[in-house]
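Peer 1: Pasting the sequence and the predicted coordinates here, then a few questions.
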Amino acid sequence: MQSGTRIVNDALIVSGSVGAANVTREMMGRVLSPLGELITTLPAGPANPGRAAGPSFQMLKDSHAFPHRKPAWHIFRERLRELSAYCFMLDAYEDAPASLVQISNAIDHILEQIPESALS
């Protein structure tokens, strides 16, 4: 999680805006923390009976800081939309944890807080 904080801070807070700081804090508290807690309660799968899953800490997308503010905001917003869509899609499963809806709603709320001035 600390690596994610650095990436978000490097990419967004360079603007020095209060909006970027608020988005970052809300993302950590309302999305990443609950998602991390949820992941560690899931079963690891049939090959590992009685064991819980956990985050792999593998980075699947580029994680370098963006030198320009506007592209950083656009990519951050794109990734948030993807995460919200995955949570919403997984919630359709019968045994899906209830917290997925809360996480998806928190992401949608964060998306609304991204200032339009950062995107144009």
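Peer 2: Structure's in. What do you need?
Peer 1: buried residues in the helix of greatest length in the chain?
Peer 2: Determined from DSSP state H, the single longest helix within the chain is helix 69-90. By 16 or more other C-beta atoms under 10 Å, the buried positions in helix 69-90 come out as Arg69, Ala72, Trp73, Phe76, Arg77, Leu80, Leu83, Ser84, Cys87, Phe88. C-beta here means a position set from N, CA and C on the backbone, and glycine is covered the same way.
Peer 1: So for that helix, mean pLDDT?
Peer 2: In this model, helix 69-90 has a mean pLDDT of 88.
Peer 1: What helices and strands are in contact with that helix?
Peer 2: In terms of contacts (3 or more C-beta pairs under 8 Å, 6 or more residues apart in numbering; DSSP states H and E), helix 69-90 is packed against helix 2-12, helix 99-113, helix 116-119.
Peer 1: report the angle between the axes of it and helix 99-113?
Peer 2: Put simply, helix 69-90 runs at 150 degrees to helix 99-113, going by axes from the mean of the first three to the mean of the last three C-alpha atoms, to 10 degrees.
Peer 1: In CSV, please show the C-alpha coordinates belonging to helix 69-90.
Peer 2: C-alpha atoms of helix 69-90 as CSV (Å, rounded to 0.1, in the frame of the first residue of the first chain):
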residue,chain,number,x,y,z
ARG,A,69,-0.7,16.8,-14.1
LYS,A,70,-3.5,16.4,-16.7
PRO,A,71,-2.4,13.0,-18.0
ALA,A,72,-2.0,11.8,-14.4
TRP,A,73,-5.5,12.8,-13.5
HIS,A,74,-6.9,11.2,-16.7
ILE,A,75,-5.1,7.9,-16.1
PHE,A,76,-6.0,7.9,-12.4
ARG,A,77,-9.7,8.5,-13.3
GLU,A,78,-9.5,5.6,-15.8
ARG,A,79,-8.1,3.2,-13.2
LEU,A,80,-10.7,4.2,-10.7
ARG,A,81,-13.5,3.6,-13.2
GLU,A,82,-12.0,0.1,-14.0
LEU,A,83,-11.9,-0.7,-10.2
SER,A,84,-15.4,0.4,-9.7
ALA,A,85,-16.7,-1.6,-12.6
TYR,A,86,-14.9,-4.8,-11.3
CYS,A,87,-16.4,-4.3,-7.9
PHE,A,88,-19.8,-3.8,-9.4
MET,A,89,-19.4,-6.9,-11.7
LEU,A,90,-18.2,-9.1,-8.8
